[in-house]
Structure formats: structure tokens, C-alpha cells
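S.K.: Please find the sequence and the predicted model below.
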Amino acid sequence: MEIKVLGTGCPKCKTLEKVTREAVAETGVDATVTKVEDITEIMSSGVMMTPALIIDGKIVVKGRVPSVEEIKRLITA
């Protein structure tokens, strides 16, 4: 599974990366978590509001920080 955390480095973006890594660790899912901070790359992904979370190429969250539990549901669905 490929997970991308999109955000320029604001506190919410950093929090999203932290809770995403926490959710992956707690579920034991085999996933690669990548932090994307380049604004051009973020915009080319179709995201206009950060932070955003992309799982296997699909935007699943944008503009907010979900809970660890919500991310766990998204990665185990």
C-alpha cells in the first residue's frame, strides 16, 4: 500500500503525518508512507487544500486531520 501525506509543513500537515504513521504501526499494514511538501507536486495531485491523505492514488482526506481510528479504518478497508 502506498500512502502519501500532502502538506507544505504546517502544524496540521505534520500532525497528519504523525497520526498516519501511528495508524500504520498500530494496524501492522504493509505500507509506505511518504511526505510530499512540494507545492507543485501537491497541486498536480488535484489537491487544493492541505493537509491531504492519498491512499493508493486516491484522495481520501483533504483539508483536515482525521483521527488515528479513522485512518485505521481507511487503511484496513
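M.R.: Alright, I've got the coordinates. Residues are numbered from 1 along each chain as shown.
S.K.: end to end, how far does stretch 47-62 reach?
M.R.: 7 Å (Cα to Cα, to the nearest Å).
S.K.: should've said stretch 44-52
M.R.: Distance across stretch 44-52, first residue to last, is 13 Å (Cα to Cα).
S.K.: Numbering from 37 from now on, please.
M.R.: Got it, the first residue is 37 from now on, which makes the last one we talked about stretch 80-88.
S.K.: from the chain's centre, how far out does the longest helix that the chain contains sit?
M.R.: Longest helix of the chain, by residue count under DSSP state H: helix 47-63. Centroid separation for helix 47-63 versus its chain: 8 Å, with Cα atoms, centre = their mean, to the nearest Å.
S.K.: name the helices or strands packed onto it?
M.R.: strand 38-42, strand 68-72, helix 104-112 (3 or more Cβ pairs under 8 Å, 6 or more residues apart in numbering; DSSP states H and E). Where you see a C-beta, it was placed from the backbone N, CA and C, and this is true even at glycine.
S.K.: right, so those: which one is the most enclosed?
M.R.: Counting by mean count of other Cβ atoms under 10 Å, strand 38-42 has the highest mean neighbour count of the helices and strands packed on helix 47-63, with a mean of 21.
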